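Asker: No sequence on hand, only this structure:
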């Protein structure tokens, strides 16, 4: 069984390293390529990998990931096929896999059966972008019994009391959304991020990952320097994989790893 999300962060903290968390949409351009990309990212410096389950109404996703999900769905990619892929890679990918899925597929399957199924496949973390804090207990409470950690999202617009509640309840790490709105590549990072990171670090000792909008190694390094424990990069990887293929994904991952490990 791969190590937990929390354990991976503990290891990285001991090494004073900032985690790199790439995101891929499962099944785009096809499941075989996804499997190859997961192995490649694992070898090119990813510490954890977020794997998106294609969904027909992805509210939190920008155009790049929406288009990837649409292409994957058109090819018949399902949750079962995604979990088969993860299971088949067991032992070949060392980075813990974090499943990114909307709540409806979980509800359709049933919470406990869903958690059991993804755990048996080898998934270690879970992000559910449309599950609000007020309703998150339905997953937060049972998830640890299956070796799954549910990570909650904190938005730049979250008031202090809500940030405190998210920090207290989130499992594995806290996912700080760097922008108001959907995912996607951006040229400039929000100047709110440093203050939000400081605020969260005052509330909790849990790791904090920053995502949404990161598209360049220099941005990843900036986020690290602001005090983040992890940098999450999605659309930039999804776009490279669909347009340029596996070598481009490998090179970009190596560039991000180098930037995060550099001493300036």
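Answerer: Structure received. Everything numeric here is computed off the predicted structure, so don't read it as measured data. Residues are numbered from 1 along each chain as shown.
Asker: Quick one: low-confidence residue ranges for the stretch 101-250 of the chain.
Answerer: Applying pLDDT under 70 to the stretch 101-250 of the chain flags residues 179-188.
Asker: Please enumerate the helices of it.
Answerer: Secondary structure of the stretch 101-250 of the chain (DSSP state H, counting those that start in this stretch): helices at 103-109, 111-121, 137-140, 160-169, 193-203, 217-225, 235-243, 246-261.
Asker: So for residue 128, which of those helices sits nearest?
Answerer: Closest approach to residue 128 among the helices of the stretch 101-250 of the chain (Cβ to Cβ): helix 103-109, 5.3 Å. Every C-beta, even on glycine, is put in place using the N, C-alpha and C of the backbone.
Asker: which residues does the closest residue to residue 199 other than its chain neighbours contact?
Answerer: For residue 199, ignoring the flanking residues on the chain, the nearest one in space by Cβ to Cβ, 6 or more residues apart in numbering is residue 163 at 6.4 Å. With contacts defined as Cβ atoms under 8 Å, 6 or more residues apart in numbering, the neighbours of residue 163 are 154, 196, 199, 200, 203.
Asker: and which of those is nearest residue 53?
Answerer: residue 154 (21.9 Å).
Asker: I figured the closest one was touching residue 167, is that so?
Answerer: Yes: between residue 154 and residue 167 there is a contact under Cβ atoms under 8 Å: 7.5 Å.
Asker: if you count what's nearby, which of the two comes out ahead?
Answerer: Between residue 154 and residue 167, counted using other Cβ atoms under 10 Å, residue 154 has the larger neighbour count: 23 against 20.
Asker: beta partners for that one?
Answerer: Listed beta-bridge partners, residue 154: residue 176 (assigned using DSSP bridges).
Asker: who touches it in this structure?
Answerer: Applying Cβ under 8 Å, 6+ apart, we find residue 154 in contact with 163, 166, 167, 170, 174, 175, 176, 177, 196, 200.
Asker: Nearest to residue 262 among those?
Answerer: residue 176 (22.1 Å).
Asker: Tell me how far that closest one lies from residue 84.
Answerer: Residue 176 sits 32 Å away from residue 84 when distances are taken as Cβ to Cβ, to the nearest Å.
Asker: Comparing those two, which residue is more hemmed in?
Answerer: The neighbour count for residue 176 versus residue 84, taken as other Cβ under 10 Å, is higher for residue 176 (28 against 13).
Asker: Isn't the more buried one up against residue 210?
Answerer: Yes: between residue 176 and residue 210 there is a contact under Cβ under 8 Å: 4.9 Å.
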